[in-house]
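Enquirer: Here's my sequence, what's the structure:
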Amino acid sequence: RYSNELKKHFSVKCFDFKKSFTTYVDYMSTKLVKRRFESSPYEMRATNEPRNKEDECLWKRPDLMKIARAFLLYEFEYYQFCEECIGSENEITRLDTEA
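Expert: Next comes the predicted model:
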């Protein structure tokens with residue numbers, strides 16, 4: 001689990017999940033060592049029932065989305081960190097146009 005205590009011991013970075021399979025993979029490929037042993041191809045295992053966002057009230061109610069977002073930011077360090085980090089120099093998927 002995430003805790004702000006990590007910042008006391010590590011340089012903590014973040015990434016935009018929307019870029020998980022693009023910029024993030026490119027960045028991490030320069031940091032990680034290739035596996036010595038290749039595993040068998042990944043086989044997806046469904047663990048949750050398929051979602052239908054049309055059935056979920058939150059997506060249709062901007063007022064509830066605002067309340068939920070405020071609650072998450074107030075209660076959980078993880079969301080506070082993401083709010084602070086995304087768009088900053090610590091976001092590894094940020095496209096730095098100034099460089």
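
Enquirer: ok, H9 to S3 distance?
Expert: Distance, H9 to S3, using C-beta to C-beta, to the nearest Å: 11 Å. For glycine as for every other residue, the C-beta is placed from the backbone atoms N, C-alpha and C.

Enquirer: right, I mislabeled it, should have said E89
Expert: Plainly put, E89 is 21 Å away from S3 if you go by C-beta to C-beta.

Enquirer: what residues are shared contacts of H9 and S3?
Expert: Taking C-beta atoms under 8 Å, 6 or more residues apart in numbering as the contact rule, H9 and S3 touch no residue in common.

Enquirer: Could you check which of those two is surrounded by more residues?
Expert: Shown here are H9 and S3; by other C-beta atoms under 10 Å, S3 has more neighbours (10 against 7).

Enquirer: contacting residues for that one?
Expert: For S3, the contacting residues are E77, by C-beta under 8 Å, 6+ apart.

Enquirer: residues contacting the residue nearest to S11 when sequence neighbours are not counted?
Expert: With C-beta to C-beta, 6 or more residues apart in numbering as the criterion, S11 has its nearest non-adjacent residue at 7.9 Å, and that residue is N90. By C-beta under 8 Å, 6+ apart, N90 lies in contact with S11, V12, K13, C14.

Enquirer: Could you give me the PyMOL syntax to select whichever of those are buried?
Expert: Here is the PyMOL command that picks out the buried ones among these, judged by 16 or more other C-beta atoms under 10 Å:
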select buried, resi 14
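
Enquirer: Can you tell me which of the contacts of N90 end up in strands?
Expert: Using DSSP state E, no member of those sits in strands.

Enquirer: Out of the contacts of N90, which is nearest to Y27?
Expert: Y27 lies nearest to K13 out of those, by C-beta to C-beta, at 9.2 Å.

Enquirer: dump the residue contacts of the closest one.
Expert: Residues in contact with K13, defined by C-beta under 8 Å, 6+ apart, are C85, N90, E91, I92.

Enquirer: Number of residues surrounding F15?
Expert: Neighbours around F15, by other C-beta under 10 Å: 19.

Enquirer: Spatially nearest residue to it, not counting backbone neighbours?
Expert: T93 (4.3 Å).

Enquirer: Need the residues that contact the helix or strand containing D63.
Expert: In the assignment (DSSP states H and E), D63 maps to helix 62-75. Contacts with helix 62-75, where a contact means C-beta under 8 Å, 6+ apart, come from C57, L58, W59, Y79, Q80, E83.
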